[in-house]
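Need the 3D shape of this:
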Amino acid sequence: MEGPTKISWKALEHEHREKTSDWFWAVGIIAIAAAVLAVFFGNILFGLLILIAAFASILQGHTKPRILEYELSRKGVRVGDTLYPYSTLESFWVIDEEINDRIIIKSQKTLMPFIIIPYDSTRVDPEHLRDYLLEYIDEEELEEPLSQQIMEILGF
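Numbering: from 1, shown residues only. Here you go, the predicted model:
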């Protein structure tokens, strides 16, 4: 008997944490201090880059995560409107925790080496996801990249 042609579910694109006004003040003060320091050392462009990055972080901190549709199909892995064909993916690892269930997929792309896909284990069976992905790509124990862990610590 052949398995399903696709598995799909909806989930938030990331876990949202409300940010207090103290968080925004801290980002602003740190950014201004770092920009002043960069200008003091003669690197005006870097100081400007720090201020732009802080502004973007503050804007990102205000936005609520969207609900995206995730799909595993014979064509590849779809996240929202973006399809990642299996030919561009190397391996995966399904993490089944009580709070933060996710699939980590290792990509061949240099600028986006890992794709992290959240799922709810009460709605989607992690073994079913694992068995489906094993038909197309290898399983390899993967850990979240350091950049992702830092973003979670900072509240993104």
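
Contacts only, for the residue positioned nearest the centre of the chain.
Nearest residue to the geometric centre of the chain (Cα atoms, centre = their mean): residue 116, 4.9 Å. Applying Cβ atoms under 8 Å, 6 or more residues apart in numbering to residue 116 gives the contacts 102-105, 144, 148. Bear in mind the C-beta positions are built from the backbone N, C-alpha and C, glycine included.

repeat for residue 68
Counted by Cβ under 8 Å, 6+ apart, residue 68 has contacts 10-13, 79-80.

could those go into CSV alongside pLDDT and neighbour count?
CSV is the format used below for the contacts of residue 68 (pLDDT from 0 to 100; neighbours: other Cβ atoms under 10 Å):
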residue, pLDDT, neighbour count
10, 91, 12
11, 88, 19
12, 84, 13
13, 80, 16
79, 93, 16
80, 92, 12
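
So which of the residues you listed is the closest to residue 132?
Sorting these by distance to residue 132 puts residue 79 at the head of the list, at 15.6 Å, by Cβ to Cβ.

lowest average confidence, helix or strand, in this structure?
helix 146-154 (a mean of 73; mean pLDDT, DSSP states H and E).

hey, what's residue 6 bridged with?
residue 73 (DSSP bridges).

Against residue 114, how distant is it?
Here the criterion is Cβ to Cβ, to the nearest Å. By it, residue 6 lies 23 Å from residue 114.
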